[in-house]
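Peer 1: sequence plus predicted model, see below.
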Amino acid sequence: MTARVAPVLLVVAKAPVPGAAKTRLAAELGDEAAADMAAAALLDTLEVVRATGCPSVVALTGDLLAATRRREVERALGAHQVVSQRGRGFAQRLANAHADAAAAAGTSAVVQVGMDTPQLTAAHLHSAVAALDDADAAVGPASDGGWWCLAVRRVELAGCLIGVPMSRPDTGQRTCSALLRAGAAVVTRLAELRDVDTLSDALAVAGAAPGTRFAAALAARAALPQEASR
């Protein structure tokens, strides 16, 4: 195994716009509440990424001008390089985001997360970075069968995502298999985390990370009836 190249941390994010953010959660709490919680989760994630001290890039999609907590989100994004997502489908946008982040940071190694795990800590990210000392790639499985983190020593490996069906119970397993087919000799498994898609997810994640903006947003919003939160 060759010496590790310092990776860039990549956050793949969507502007928290009411009606477009967290649609499954919105069905339970309303569009405004779901967007507020998405904004809080994004802010928590950006803060943790910044705290690592590693170079960072945010691949963003959506209308930031219409986003909930727009000013806060804009200030937080100011601490990171921001690129626009590009590609026709989610898997292609992910692969392109890896390539764009590597190019922006002048590196070949990328550690990518999303904005659905506000319980993320700097320790989780440091573990993903360290995994690349001994592996070509590392995958952090999500409890729904997907993944919350993908780390690659060579950005070209992320191109395998284009052939992986997303948002399925076997997406994590398929991603690991695709990485091996793409030439990764070793794929390390990271700690499992729970993505926030539904109210039950949100309650569990907030309980695990009570000091986050996300937990505070949930406490403020979850008691509201759906009609009042719109």
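Peer 2: Received, thanks.
Peer 1: for the chain, which helix is longest?
Peer 2: Secondary structure of the chain per DSSP state H: the longest helix is helix 31-51.
Peer 1: and the next helix or strand past that helix?
Peer 2: Per DSSP states H and E, the first helix or strand lying C-terminal to helix 31-51 is strand 56-61.
Peer 1: how about Gly145, secondary structure?
Peer 2: At Gly145 the chain is in coil, as set by DSSP: H, G, I helix; E, B strand; the rest coil.
Peer 1: how many other residues sit next to it?
Peer 2: Neighbourhood size, Gly145 [other C-beta atoms under 10 Å]: 15. Just so you know, the C-beta spots here come from the backbone N, C-alpha and C atoms, and that holds for glycine as well.
Peer 1: ok, it touching Cys176?
Peer 2: No: counting by C-beta atoms under 8 Å, Gly145 stays clear of Cys176, with 11.8 Å between them.
Peer 1: ok, back up a step: give the buried residues for the longest helix of the chain.
Peer 2: Residues of helix 31-51 classed as buried by neighbour count (16 or more other C-beta atoms under 10 Å): 31-49.
Peer 1: and that helix, what other elements does it pack with?
Peer 2: When contacts are defined as 3 or more C-beta pairs under 8 Å, 6 or more residues apart in numbering; DSSP states H and E, helix 31-51 packs onto strand 8-14, helix 23-29, strand 56-61, helix 70-77, helix 122-131, helix 213-221.
Peer 1: buried deepest among these, which one?
Peer 2: Burial of the helices and strands packed on helix 31-51 is given as mean neighbour count (mean count of other C-beta atoms under 10 Å); strand 8-14 ranks first at a mean of 25.
Peer 1: that one vs strand 56-61, what angle?
Peer 2: Computed with axes from the mean of the first three to the mean of the last three C-alpha atoms, to 10 degrees, the direction of strand 8-14 lies at 20 degrees from that of strand 56-61.
Peer 1: list of residues touching strand 8-14?
Peer 2: 20-21, 38, 42, 45-46, 49, 52, 54-62, 80, 85, 93-94, 97-98, 101-102, 104-105, 107, 109-115, 125 (C-beta atoms under 8 Å, 6 or more residues apart in numbering).
Peer 1: send me it as PDB with only the CA atoms.
Peer 2: C-alpha atoms of strand 8-14 as PDB (Å, rounded to 0.1, in the frame of the first residue of the first chain):
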ATOM      1  CA  VAL A   8     -10.400  16.400   1.000                       C
ATOM      2  CA  LEU A   9     -13.700  16.200   3.000                       C
ATOM      3  CA  LEU A  10     -16.700  16.400   0.700                       C
ATOM      4  CA  VAL A  11     -20.200  17.300   1.800                       C
ATOM      5  CA  VAL A  12     -22.900  16.500  -0.700                       C
ATOM      6  CA  ALA A  13     -25.800  18.800   0.200                       C
ATOM      7  CA  LYS A  14     -29.100  20.100  -1.000                       C
END
